[in-house]
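*Asks:* Following is a predicted model, sequence given first.
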Amino acid sequence: MANDDPRNPFKNHRNSVFYNMYPPRGRPVVRPPPGTGYGTRYFQNGLPDLVPDPYAIQAGTYIQRMQMYALRCAAEENCLARSAYGPAVQDIDYRVLLRFPQKVKNQGTADFLPVRPRHQWEWHSCHQHFHSMDAFSNYDLLEHSSGRKGLSPGCHDTYAANIDCQWIDITDVPPGNYLLKVTVNPNFHVPESDYTNNIVRCDITYTGVYVQTRNCRVTRG
């Protein structure tokens with residue numbers, strides 16, 4: 001994600017957390033007073049409020065089969081199920097991935113900013129991007145019967161279904177009915193005005209070949 005890279009000059013935008021990396025010429029740069037967030041001077045009069053879009057998930061969920069050699073970066077980031085890390089796994093072996101997009105809106109009154117300052121962000125060399133948070137989202141596929149187991153106000157952040165780790169590895173999951181649970185800001189590390197709208201649940205029917213997604217909705221838990 002380009003917005004994760006503080007060295008990227010294409011993110012010079014007032015709603016970007018890197019607004020001050022390349023100040024406009026001809027105008028003095030006004031330094032903001034110290035605040036609680038990192039990397040922005042805008043929208044600090046309240047709290048953010050992240051809301052995931054259930055319709056984007058419902059419209060864009062699909063199954064993909066990929067060989068391990070194409071998943072090396074994802075494996076480094078622990079984006080695969082435990083069975084993918086066994087000693088007998090080979091590069092030609094296939095994994096079954098439940099892919100889905102994610103679109104998150106900040107409908108609050110302040111920027112949603114990473115907890116870590118920029119000098120503490122971690123560079124991932126394989127994917128060539130920075131990690132500014134331990135977890136922006138959690139993805140869970142639950143048994144249907146038991147249920148087990150920096151974004152500015154007014155703006156959306158969209159993660160396409162075809163990017164690495166935007167999936168759940170369901171290689172070992174049998175066909176059946178499930179609940180897909182998508183949670184943003186799962187550990188509450190960044191304060192929000194409302195945590196009750198951070199979760200989307202979808203009814204999933206997996207046939208072993210394809211997936212049907214329906215009834216995606218924002219829920220409290």
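*Replies:* Yes, it's here. Numbers count the residues shown, from 1 in each chain.
*Asks:* from here on, contacts and neighbour counts on C-alpha atoms
*Replies:* Noted.
*Asks:* Tell me where this structure has strands.
*Replies:* Per DSSP state E, the chain carries strands over the ranges 50-52, 62-67, 94-99, 102-106, 122-124, 129-131, 137-143, 156-159, 167-169, 176-184, 199-206, 211-219.
*Asks:* nearest spatial neighbour of Lys79, skipping sequence neighbours?
*Replies:* Heads up, residue 79 is Cys, not Lys. The spatially closest residue to Cys79, leaving aside those adjacent along the chain, is Cys165, at 5.5 Å (C-alpha to C-alpha, 6 or more residues apart in numbering).
*Asks:* what number of residues lie near the closest residue to Asp93 other than its chain neighbours?
*Replies:* Counting by C-alpha to C-alpha, 6+ apart, Gln67 is the residue found nearest to Asp93 once chain neighbours are left out, at 5.3 Å. Other residues near Gln67 come to 14 when the count uses other C-alpha atoms under 10 Å.
*Asks:* go on, the one 4 residues further on?
*Replies:* Residues lying near Leu71 (other C-alpha under 10 Å) number 18.
*Asks:* Against Cys165, how distant is it?
*Replies:* Per C-alpha to C-alpha, to the nearest Å, Leu71 is found 9 Å from Cys165.
*Asks:* ok, now Tyr69?
*Replies:* Applying C-alpha to C-alpha, the value for Tyr69 to Cys165 is 15 Å.
*Asks:* Looking at those two, which is more packed in?
*Replies:* Set Tyr69 next to Cys165 and count neighbours by other C-alpha under 10 Å: Cys165 wins out with 18 against 13.
*Asks:* you'd agree that one is up against Glu76?
*Replies:* No. Taking C-alpha atoms under 8 Å as the definition, Cys165 is not a contact partner of Glu76, at 10.6 Å.
*Asks:* quick one: Pro101 and Ala160 touch, right?
*Replies:* Yes. With contact defined as C-alpha under 8 Å, Pro101 counts as touching Ala160 (4.7 Å).
*Asks:* any common contacting residues for the two?
*Replies:* Contact with both Pro101 and Ala160 is made by residues Gln166, according to C-alpha atoms under 8 Å, 6 or more residues apart in numbering.
*Asks:* May I see the buried residues of the longest helix belonging to the chain?
*Replies:* Looking across the chain with DSSP state H, the single longest helix is helix 54-60. Neighbour-count burial for helix 54-60 flags 54-58 (criterion: 16 or more other C-alpha atoms under 10 Å).
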